[in-house]
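Chemist: The sequence and its predicted three-dimensional model are supplied below.
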Amino acid sequence: MHKGSCLCGAVRFEVTCELEGPDACHCTQCRKSSGHYFASVNVPRTALTVEGAGNVTWFQSSGKVRRGFCSKCGSPLFWDPIFKQEWTSVAMGAFEKPTNTKLAVHIFVADKGDYYDIADGVRQEMAPP
C-alpha cells in the first residue's frame with residue numbers, strides 16, 4: 001500500500017496496488033499547472049481511496065482531462081482522463097516514501113521548458129507512448 005497527501009494534509013490518499021513506472025509530462029499544461037514538469041503514475045480507480053475528497057477542486061483543462069488539486073493549499077494531486085473511467089493519475093511528489101519506482105518515460109518533450117535539459121537517460125517521447 002502507498003500513502004500520500006497534499007502539502008497541508010486536507011487531502012490524503014491510499015493506493016492499494018504496486019505502482020508502475022511513472023511518467024514525467026513536459027506539456028505546456030502540466031508545466032503551467034505544476035510550476036515545472038508533472039511526474040505522475042496511473043493507478044486503477046478501484047485501487048485509489050481519497051480521504052478529504054471534498055477538499056479536491058477539479059479544473060477541466062481540456063475537453064478530455066481534468067486536474068485535481070487541494071482547495072486549501074493548492075497542491076496538484078491528480079490528472080484524470082474524463083472518458084477513461086478505469087484509472088486516475090496521481091502526482092508522484094504527493095506520495096510518502098518509499099514508492100519503490102523509477103521514472104519510466106518523459107513525454108511531450110517537444111514542449112519542455114527552455115530552462116532545463118533532460119539528461120537522466122530515461123526514454124523520451126514527443127507524445128505519450
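Modeler: Structure received.

Chemist: Skipping its backbone neighbours, what lies nearest Trp58 in space?
Modeler: Arg66 (4.7 Å; C-beta to C-beta, 6 or more residues apart in numbering). Yep, even glycine has a C-beta here, placed from its N, CA and C like the rest.

Chemist: same check, this time on Glu96
Modeler: With C-beta to C-beta, 6+ apart, the residue lying closest to Glu96 is Lys3, at 5.1 Å.

Chemist: Next, the contact list for that neighbour, please.
Modeler: Arg12, Phe13, Glu14, Val15, Phe95, Glu96 (C-beta atoms under 8 Å, 6 or more residues apart in numbering).

Chemist: Let's see that with 10 Å instead.
Modeler: Arg12, Phe13, Glu14, Val15, Thr49, Glu51, Ala94, Phe95, Glu96 (C-beta atoms under 10 Å, 6 or more residues apart in numbering).

Chemist: which of the residues you listed count as buried?
Modeler: Arg12, Phe13, Val15, Ala94, Phe95 (16 or more other C-beta atoms under 10 Å).

Chemist: now, among these, which is nearest to Asn55?
Modeler: Set against Asn55, the nearest of the buried ones among the contacts of Lys3 by C-beta to C-beta is Arg12 (9.7 Å).

Chemist: Now that we're looking at that closest one, what pLDDT does it have?
Modeler: Among the per-residue scores, Arg12 holds a pLDDT of 98.

Chemist: now Met126
Modeler: 89.

Chemist: Now Ile118: closest residue in space that isn't a chain neighbour?
Modeler: Nearest to Ile118 is His106, by C-beta to C-beta, 6+ apart, at 5.5 Å.
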